[in-house]
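1. The sequence and its predicted three-dimensional model are supplied below.
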Amino acid sequence: MSRGEMLYEGKGKQVFATDDPDTLVLAFKDTATAFDGTKTSELAGKGRINNRINDHLMGRLADRGIPVHHLRRLSETESEVRRLDMLPVEAVVRNVVAGSLARRLGMAEGTVLDRPVFEFFYKSDELGDPLINRFHILAFGWATEAEVARMEELSFRVNDVLYALFEAGGMRLVDYKLEFGRFHDELVLGDEFTPDGCRLWDLETGEKLDKDRFRRDLGDVLEGYREIGRRLGVEL
Ligand code: UDP
């Protein structure tokens, strides 16, 4: 398996073709971005830590029968994944009020929800990833009804697995973003699961360990990421 041309470069990752049309290489970058890319910084070592945390969490999800694109970690910053045809939506699950939900509905950050909330966003940098619902997805043909139902089902199954996993490490999984794609006829979890795309608070103190440290200048960002890795038992 050799790394071919770069197909795409995003804010946090590069995507490379391989000699197998069904397989890609993801390379995790050290760049941190927030607020639609208006705030950026190079955090030396973030790509390596995220690659290891992602490998660990995707492995746990696969163990529990969730279809994931992740195949294996290849190097310090690279992983091999199935090539998916990505859907243009983001799926967010929330256990605790934070971020855009707090702003949109005027709710206090930290309010524990009686039951998890599921939201869809349309992936569009120009539009700032607007909130949408399943009717928009169906009306614009971004996914089928079965795919919408499957995204909801898999997103909540991820919550069951990861909420318990983080809780065992003394962390509260506040919210997270998932992306899905098609692998032949199957809907599969793509993208990544790292502290760049979720919120994790210390269960006792409420200390923020995730990317909010970067967004809000709350201290050493990578120390938070390393702490998450340590608590998960990830070799860093
Ligand atoms: N999120 C993400 N990428 C995005 C938008 C959100 O990874 O483009 C994650 C974010 O880190 C948080 C969750 O999704 O864990 C919910 O984010 P929210 O809607 O509260 O947006 P934000 O606070 O980033 O404005």
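-> Arrived safely.

2. Show me what from the protein comes close to the ligand.
-> Residues of the chain lying near the ligand by Cβ under 6 Å from any ligand atom: 92, 98-101, 129, 175-177, 197-199, 211. All C-beta atoms are positioned from the backbone trio N, CA, C, and that covers glycine.

3. which residue packs closest to the residue in the chain positioned nearest to the ligand, ignoring adjacent ones?
-> With Cβ to the nearest ligand atom, the shortest gap between the chain and the ligand falls at Gly99, namely 2.1 Å. Sequence neighbours aside, Asp175 is the residue nearest to Gly99 in space, at 6.7 Å (criterion: Cβ to Cβ, 6 or more residues apart in numbering).

4. Need the three-state assignment for that neighbour.
-> strand (DSSP: H, G, I helix; E, B strand; the rest coil).

5. Give me the number of neighbouring residues for it.
-> 24 (other Cβ atoms under 10 Å).

6. likewise Asn54?
-> 25.

7. Then Glu179?
-> Look at Glu179: counted by other Cβ under 10 Å, it has 19 neighbours.

8. ok, and the closest non-adjacent residue to it?
-> Asp191 is the one closest to Glu179 (Cβ to Cβ, 6+ apart), at 3.9 Å.

9. and the one you found, that's in a strand?
-> No - Asp191: not assigned to a strand; according to three-state DSSP it is coil.

10. same question for the helix of greatest length in the chain, mean pLDDT?
-> Counting by DSSP state H, the longest helix found in the chain is helix 145-168. For helix 145-168, mean pLDDT is 98.

11. quick one on the thing from earlier: specify the beta-bridge partners of the residue nearest to Gly99.
-> Assessed by DSSP bridges, Asp175 has beta-bridge partners Arg94, Arg199.

12. ditto for Arg82
-> Under the criterion used (DSSP bridges), Arg82 bridges to Thr23.

13. What does the residue of the chain closest to the ligand show for phi and psi?
-> Backbone torsions of Gly99, given as degrees, to the nearest 10, read phi 50, psi -130.

14. Helices of the chain, residue ranges please.
-> Using DSSP H, helices in the chain cover 46-63, 99-105, 134-139, 145-168, 212-215, 221-232.

15. which residues touch the residue of the chain closest to the ligand?
-> Gly99 sits next to 109, 175, 199 when contact means Cβ atoms under 8 Å, 6 or more residues apart in numbering.

16. Now the top strand by length along the chain: average pLDDT?
-> The longest strand of the chain (DSSP state E) is strand 112-122. Strand 112-122 shows an average pLDDT of 98 in the prediction.

17. What of stretch 40-57?
-> pLDDT averaged over stretch 40-57 gives 98.

18. wait, isn't the residue nearest to Gly99 in contact with Ser100?
-> No - contact criterion Cβ atoms under 8 Å: Asp175 and Ser100 do not qualify, at 9.4 Å.

19. What about Met171, how many residues nearby?
-> 24.

20. hmm, I was thinking of Arg94
-> Neighbours around Arg94, by other Cβ under 10 Å: 21.

21. how about it, what does it touch?
-> Neighbours of Arg94 in contact, by Cβ under 8 Å, 6+ apart: 101, 113, 116-119, 174-175.

22. Next, format the residues you listed as a markdown table and append distance to Phe135.
-> Shown next, in a markdown table, are the contacts of Arg94 (distance: Cβ to Cβ, whole Å):
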| residue | distance to Phe135 |
| --- | --- |
| Leu101 | 20 |
| Leu113 | 23 |
| Pro116 | 21 |
| Val117 | 17 |
| Phe118 | 14 |
| Glu119 | 14 |
| Val174 | 27 |
| Asp175 | 23 |
